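Chemist: the following block contains a protein sequence and its predicted model.
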Amino acid sequence: MSKPYTEDTHFKSENFNDQSLPIGEYDHCNFTECNFLNADLSEIIFTNCAFSNCDLSMAKLNGTAFRDAIFKNCKMLGLRFDDCNDFSLSFEFQSCTLEFSSFFKLKIKNTRFIQCKMESVDFVETDLSNAVFSDCDLKNAVFEKTKLEGADLRTAYNFSIDPEKNRIQKAKFSMQNIVGLLHKYKIKIHP
């Protein structure tokens, strides 16, 4: 039995917490001001979809596929992106709150995080090669065995990255946030 296919559809102010989004494939769809709080999005495929001003907090993502998805101004607390289908997994986040979410062991090279609040996000063993963290708050984000080669963190802040436990070759940092690489040494840096 084939799953339904939905293309070029705009969903606005829908509450998918009350009635689940049907399992299927959504291609070039827009979701605006939709509520996915605690929704089960398992096994749904989103290709070239845009989510704007949505609440996806605590949604179930078992086998969910995000392919070239973009999230703008979304609330995304406690999401387990590591439960997603990792085939062609790619997304971008702009002005989102991603607190307490997990990207554990994912290969998400070139991902762009723009002006996001990312407190306590799990990036353990994640491949973030050439990722961009532009003006992102990474307070208590966990980086361990993380691949950050070529990543741009010049305007990121509140991070603590141990250069001995992460791969940071050719990553970009600024003079203002370099203290985030020295945090473990408990040294004081004065201007």
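Modeler: Yep, that arrived. Numbers count the residues shown, from 1 in each chain.
Chemist: all helices for this protein, in order.
Modeler: Listed in chain order, the helices of the chain (DSSP state H) span residues 179-182.
Chemist: which strand runs longest in it?
Modeler: strand 65-72 (DSSP state E).
Chemist: point out where this structure drops to low pLDDT.
Modeler: 1, 183-185, 187-191 (pLDDT under 70).
Chemist: how about the longest strand of the chain: buried residues?
Modeler: Within strand 65-72, the residues that qualify as buried are A65, F66, R67, A69, I70, F71, K72, counting by 16 or more other Cβ atoms under 10 Å. To be clear about C-beta, it is placed using only N, CA and C from the backbone, and glycine gets the same treatment.
Chemist: so what are the sheet partners of it and their directions?
Modeler: In the sheet containing strand 65-72, its partner strands are strand 45-47 (parallel), strand 50-52 (parallel), strand 90-94 (parallel), by DSSP bridges.
Chemist: and these: which comes nearest F36?
Modeler: Closest to F36 of the strands paired with strand 65-72 is strand 50-52 (Cβ to Cβ; 8.4 Å).
Chemist: contacts for that closest one next, please.
Modeler: Under the criterion Cβ atoms under 8 Å, 6 or more residues apart in numbering, residues C29, N30, F31, T32, E33, C34, A69, I70, F71, K72, N73, C74 lie in contact with strand 50-52.
Chemist: mind doing that once more with 6 Å?
Modeler: Here strand 50-52 makes contact (Cβ atoms under 6 Å, 6 or more residues apart in numbering) with N30, F31, T32, I70, F71, K72, C74.
Chemist: just stretch 56-64 next, same as before
Modeler: The contact list for stretch 56-64 (Cβ under 6 Å, 6+ apart) reads 36-44, 74-78, 80, 83-85.
Chemist: now do stretch 121-133
Modeler: Stretch 121-133 is contacted by residues 98, 101-107, 109-113, 141-153, 156 when judged by Cβ under 6 Å, 6+ apart.
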